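# Build the 3D model from these lines:
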Amino acid sequence: MKKNLLLILTIAAIGAGSCKKESNAQAAIDSTADSYFPLTSGSTWKYAVTGAGGNDMLTVKMTGATITINGRTYYKATNSYQKKGGSTGYFFDASHIYGKGAANTDAGLAIEFKFLNDTAAVGHSWVHSPTDDGMINGIPVQTVNTIVEKDIGKTIGGETFTGVIHTRVDLQYNYGSGFQSSAVYDFYFAKGVGLIETDTSFSGAIYETETIVSYAINPMLL
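The predicted structure is shown next:
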């Protein structure tokens, strides 16, 4: 449980030791304002955070800068919590596959979640190694990623989003008897808006939920 809580707290940060090269927003840009996860410079999202860790407000804003880690270009964002302070977020858009990098900077490990393939059909599932060596704290780890629903409607705070894609990332550890689920992350994406809700669960129970409060998507890349 301690590992999982730490991953939640640091899911949008990445260790400086993993960074290879930094650049401006002109490098290797694929994202558009009309995608399921617009990463255009200046785009901003505000989320209400509720759960066992307490209530908070999170603002995510794309900075327009990129960074290359292990050959992949990530878009940098500022993550600003009202109570927990700020951090840097790292997201990627690679040929319709979207995800984010994260790190436990104390342990020096970097992880990567691939949380959406917007071209995949409902029920499509794939296994991903979230770390370079397939280990977290010396324990084998994997994620099972699934397209749960597509083209659904979802109402949050009085606003109804249509054409929503619901995906799930099941974080699994192998303690010697095969991979078993440790934490489950459910993500909901609206085209032209981005991530509208994230639900984090342990043992089938919701631990934390982030729901969108407001957003402003910059139609221009720079």
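
# Identify, by residue count, the longest strand of the chain.
Ranked by number of residues, the top strand in the chain under DSSP state E is strand 139-156.

# Can you name the next helix or strand after that strand?
Tracing the chain past strand 139-156, the next element assigned as helix or strand by DSSP states H and E is strand 159-174.

# Now residue 111: closest residue in space that isn't a chain neighbour?
Nearest non-adjacent residue to residue 111, counting by Cβ to Cβ, 6 or more residues apart in numbering: residue 130, 4.3 Å away. In this view, the C-beta of every residue, glycine as well, is placed from N, C-alpha and C.

# Next, the contact list for that neighbour, please.
Residue 130 sits next to 111, 112, 113, 136, 141, 142, 143, 171 when contact means Cβ atoms under 8 Å, 6 or more residues apart in numbering.

# Might you report the residue contacts of the last one?
Contact partners of residue 171, counting by Cβ under 8 Å, 6+ apart, are 4, 7, 130, 141, 143, 181, 182, 183, 184, 185.

# Arrange those residues in a markdown table, one row each, with distance to residue 157 as further columns.
Converted to a markdown table, the contacts of residue 171 look like this (distance: Cβ to Cβ, whole Å):
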| residue | distance to residue 157 |
| --- | --- |
| 4 | 28 |
| 7 | 27 |
| 130 | 31 |
| 141 | 34 |
| 143 | 29 |
| 181 | 30 |
| 182 | 30 |
| 183 | 26 |
| 184 | 24 |
| 185 | 21 |
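
# Serialize those to JSON lines and add fields for secondary structure.
Rendered in JSON lines, the data for the contacts of residue 171 read as follows (DSSP: H, G, I helix; E, B strand; the rest coil):
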{"residue": "4", "secondary structure": "helix"}
{"residue": "7", "secondary structure": "helix"}
{"residue": "130", "secondary structure": "coil"}
{"residue": "141", "secondary structure": "strand"}
{"residue": "143", "secondary structure": "strand"}
{"residue": "181", "secondary structure": "strand"}
{"residue": "182", "secondary structure": "strand"}
{"residue": "183", "secondary structure": "strand"}
{"residue": "184", "secondary structure": "strand"}
{"residue": "185", "secondary structure": "strand"}
